[in-house]
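**Student:** Could you work out the structure for the sequence below:
(one chain, ligands or ions: 1)
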Amino acid sequence: MRNIASFILAAAAITLAAPASAQFAKPDDAIKYRKSALTVMATHFGRVAAMASGRAPFDAKAAADNAAIADAMAKLPWAAFVEGSDKGDTKAKADIWSDGAKFKDANQKMQGEMSKLAVAAKTGSLDSIKAAVGATAGACKACHDVFRKD
Ligand code: ASC
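**Tutor:** Sure thing, here's the model as predicted:
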């Protein structure tokens, strides 16, 4: 009885102390998850960017809806850059893990710009949206330049 109780306690402790990597059964699942979130983010950001550049007609409600989705997606990929997921079907550079603080700075900058875009889109001002799209795209690129393989 005592052994069983100890075992259950130990198992609970291990579960509670489990690292983020335990959210994914294997590294490939983490890679698939983060790429999916980034793909959905880029799709909805792209729809707003198309309006900002005049490639698509401006529709204030569509801009706000798409920007809100992109903003939500922008929060998701980072927890999936787990240890061991540098190998596989990914363009992630090893620097993500060797310089985690810099990677965090870069992706937080993007998240901040994406949130500003969502706020701008809610106001319905195309000029504000244009400025925020430019800043967000710049933050995407800054991170890619350092942390993504070609
Ligand atoms: C996009 C998209 C990116 C960024 C990047 C900005 O729309 O899919 O990855 O902007 O191209 O330079």
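
**Student:** Quick check: which helices or strands does the top helix by length along the chain pack against?
**Tutor:** Within the chain, and with DSSP state H defining each element, the longest helix by residue count is helix 27-53. Using 3 or more CB pairs under 8 Å, 6 or more residues apart in numbering; DSSP states H and E as the contact test, the elements touching helix 27-53 are helix 60-73, helix 100-123, helix 126-147. No exception for glycine: its C-beta is placed from N, CA and C like everyone else's.

**Student:** Just the buried positions in that helix, please.
**Tutor:** 27, 30-35, 37-38, 41, 44-45, 47-52 (16 or more other CB atoms under 10 Å).

**Student:** So which bits of this structure are right by the ligand?
**Tutor:** Residues of the chain lying close to the ligand (CB under 6 Å from any ligand atom) are A42, F45, G46, A49, A137, C140, K141.

**Student:** right, and the pair among those with maximum separation?
**Tutor:** Using CB to CB, the residues of the chain next to the ligand span at most 14.0 Å, a distance reached by G46 and K141.

**Student:** Quick check, G124 in contact with A64.
**Tutor:** Yes. Between G124 and A64 a contact is recorded at 7.3 Å, counting by CB atoms under 8 Å.

**Student:** Neighbour count: the two, which is higher?
**Tutor:** In this view G124 and A64 are compared by other CB atoms under 10 Å, and A64 has more residues nearby, 19 against 13.

**Student:** contacting residues around that one?
**Tutor:** The contact partners of A64, taken as CB atoms under 8 Å, 6 or more residues apart in numbering, are A118, A121, K122, G124.

**Student:** Most neighbours among these, which one is it?
**Tutor:** Neighbour counts for the contacts of A64 (other CB under 10 Å) peak at A121, which has 28 neighbours.

**Student:** What is the burial count for G54?
**Tutor:** G54 has 10 neighbouring residues, counting by other CB under 10 Å.

**Student:** And it, how close does it get to C140?
**Tutor:** Distance of G54 to C140, given as CB to CB, to the nearest Å: 20 Å.

**Student:** A63 now?
**Tutor:** 18 Å.

**Student:** for the protein, what helix or strand is lowest in average pLDDT?
**Tutor:** Least confident element among the helices and strands of the chain, by mean pLDDT, DSSP states H and E: helix 2-16 (a mean of 52).
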